[in-house]
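Student: Got a sequence here, can you build the structure:
(one chain, ligands or ions: 1)
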Amino acid sequence: MITGPLYPLLPVFLQNAACSFYGLTLRRLRFSKQFQQKLVQLKLSEWYSKDQIDEYQSEQLIMLIRHAFEHVPYYRTTMKQLGLTPSDVQSKEDLPKLPLLTKDIIRARFREFIADNATEKHLVHGHTSGTTGTSLQYYLGRNQVPFQWAVWWRHRARFGIHPDMLHANFTGKPVVPPATRRPPYWRWNLPLNQALIPMQQIQPEKISDLVKFLGDHPFAYFSGYPSIIDSLSSQALDQGLTLKHRPSCVFTGAENTLDKQRRNIFEFTGAVLSDQYGFSEGCGNASRCEHGVYHEDFEFGILECVEQEIIDDGHTRGKIICTGFASPEFPFIRYDVGDNAVWDLDTHVCECGRQSAKIIRIEGRSDEYVLTPEGRKIMRFDYLFKDTHDIRECQIVQKQPGEITIKIVRRDGYLSSTENILRSGVAQWISPKLKVNFDYVSEIERTGAGKMKAVISFLT
Ligand SMILES: [Zn+2]
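Tutor: The predicted structure is shown next:
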């Protein structure tokens, strides 16, 4: 990591050098020859017909299952116990014959997931964020990293963005010492062509310097957590600041982008907003097209929709279950990543022309919904805040059944009548029986990885 105990003591130019040195390591890891080759292939295969996609996925799946049976002890044992042989799984329609894979199973039988023909020196160690006990340790195979980055850069290429373009990355890492009182409130990572803007520096008295910096450089795009980019955008709008040079795109990631955040970011940057859905275990991905639809990155893995439920708009909600093709050294087959999504299972082709599976929205993790007294699970609350302009940030917390607390960071001029608007919104749209409490805070706490959660439930 770049931000060790000595880092804050270094002069700015050495902090820039440390960021760039770290960037050089990342560039070597991400943008290898394999990455370039993969990206070329992916830009062709994204236009496959439905039949070609099915054929591709079946071929990959047959190879993966045969390999898992022959070389990965967990899958061999499990399939034998179920009386299955590799020939029983010929296409994704056969996947339900295999059991779901949970994080608990991987924790308990970790060594059994490493393929017996894998060379351990080629394995990249990975772990999910989370507190001790909820974090998951795993390995990524040697082709996984370039494959994953090629999938991500294919997404960006849809918007005319390429790896050599200058950009600003909004990060949770404290690359500028938090006590800094004078600009620069940013650092440079030159090998990755990026300026790093840490979330800790986005404070009212620093916004005008940050906006000037961003406007003085020809940044092609911004990337980072939507909550951080929104925080800068909404404070800049409050202060009447505008960008001299605007980026053409903003790529958000790691958190769901809320409608309110989307509006603020668009108003401030005027840029196209896009994102893709991925996760650190790296066994599945979906990327938005130019028309805002997430398409399964079918070359990288299969995303199944299980526990299907038809919802009000005719779309299908379900859990995301992933089978990854990129990492046979430590395969994830039918892995329950813990997220939910809404699919468009209708067979019509997306306006963009891509024929891969369509996901309308990602609904987040199972511990990110509120349970109503009627037993409904509610994951999104954006529309409650549609007409409230005096809230900077908010978070819904449920600690006990039958009630929620709305944590609010107020803007100047916050009106107490906003409570009534929110209460009646909850009664109308969510549940008339749900009790609503308010808690006014100076900031919404981030997770260890710097993410802001829109909803936290302590009931699960
Ligand atoms: Zn599309």
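
Student: who's in contact with Ser442?
Tutor: With contact set as Cβ atoms under 8 Å, 6 or more residues apart in numbering, Ser442 has these partners: Val409. All C-beta spots, glycine's among them, are computed from the backbone N, C-alpha and C.

Student: Can you tell me the SS state at it?
Tutor: Assigned with DSSP: H, G, I helix; E, B strand; the rest coil, Ser442 falls in the coil class.

Student: A helix includes Asn340, no?
Tutor: No. Applying three-state DSSP, one finds Asn340 to be strand, outside a helix.

Student: Kindly state the beta-bridge partners for it.
Tutor: Bridge pairing for Asn340 (DSSP bridges) gives the partners Lys319, Gly364.

Student: From the ion, how far out is it?
Tutor: 21 Å (Cβ to the ion, to the nearest Å).

Student: How about the contacts made by that residue?
Tutor: Applying Cβ under 8 Å, 6+ apart, the residues near Asn340 are 317-320, 362-366, 379.

Student: cool, Arg109 as well?
Tutor: Counting by Cβ under 8 Å, 6+ apart, Arg109 touches Tyr74.

Student: And it, what's its pLDDT?
Tutor: Arg109 carries a pLDDT value of 95.

Student: quick one on the thing from earlier: any chance of JSON lines for the contacts of Asn340, columns pLDDT, distance to the ion and neighbour count?
Tutor: Formatted as JSON lines, those follow (pLDDT from 0 to 100; distance: Cβ to the ion, whole Å; neighbours: other Cβ atoms under 10 Å):
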{"residue": "Arg317", "pLDDT": "91", "distance to the ion": "20", "neighbour count": "19"}
{"residue": "Gly318", "pLDDT": "93", "distance to the ion": "20", "neighbour count": "18"}
{"residue": "Lys319", "pLDDT": "93", "distance to the ion": "23", "neighbour count": "18"}
{"residue": "Ile320", "pLDDT": "95", "distance to the ion": "18", "neighbour count": "23"}
{"residue": "Ile362", "pLDDT": "88", "distance to the ion": "15", "neighbour count": "19"}
{"residue": "Glu363", "pLDDT": "83", "distance to the ion": "19", "neighbour count": "20"}
{"residue": "Gly364", "pLDDT": "70", "distance to the ion": "22", "neighbour count": "19"}
{"residue": "Arg365", "pLDDT": "68", "distance to the ion": "25", "neighbour count": "17"}
{"residue": "Ser366", "pLDDT": "60", "distance to the ion": "27", "neighbour count": "15"}
{"residue": "Met379", "pLDDT": "71", "distance to the ion": "23", "neighbour count": "19"}
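
Student: Which helix or strand in this structure has the lowest average pLDDT?
Tutor: Sorting the helices and strands of the chain by mean pLDDT, DSSP states H and E puts strand 377-378 at the bottom, at a mean of 74.

Student: Name the strands paired with the helix or strand following that strand and say parallel or antiparallel.
Tutor: Downstream of strand 377-378, the next assigned helix or strand under DSSP states H and E is strand 391-400. Strand pairing for strand 391-400, using DSSP bridges, gives strand 403-410 (antiparallel), strand 455-457 (parallel).

Student: For the longest helix along the chain, name the packing helices and strands.
Tutor: Using DSSP state H, we find that the single longest helix of the chain is helix 50-71. Packing partners of helix 50-71 (3 or more Cβ pairs under 8 Å, 6 or more residues apart in numbering; DSSP states H and E): helix 73-81.

Student: Which residues in the helix it packs on does the neighbour count mark as buried?
Tutor: Judged by neighbour count using 16 or more other Cβ atoms under 10 Å, the buried positions of helix 73-81 are 74-75, 78-79.

Student: can you put the residues you listed in a markdown table and add pLDDT and distance to Thr447?
Tutor: Listed next are the buried residues of helix 73-81 as a markdown table, based on pLDDT from 0 to 100; distance: Cβ to Cβ, whole Å:
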| residue | pLDDT | distance to Thr447 |
| --- | --- | --- |
| Tyr74 | 98 | 30 |
| Tyr75 | 98 | 32 |
| Thr78 | 98 | 33 |
| Met79 | 98 | 37 |
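
Student: List just the nearest of the residues you listed to Pro174.
Tutor: Tyr74 (39.0 Å; Cβ to Cβ).

Student: Skip the chain neighbours and tell me the closest residue to the closest one.
Tutor: Leaving aside its chain neighbours, Tyr74 sits nearest to Glu112 (3.9 Å; criterion: Cβ to Cβ, 6 or more residues apart in numbering).

Student: Let's verify that neighbour: helix, strand, or coil?
Tutor: Once three-state DSSP is applied, Glu112 turns out helix.

Student: I'd say it and Ala68 touch.
Tutor: No. Glu112 is beyond contact range of Ala68, at 11.1 Å (criterion: Cβ atoms under 8 Å).
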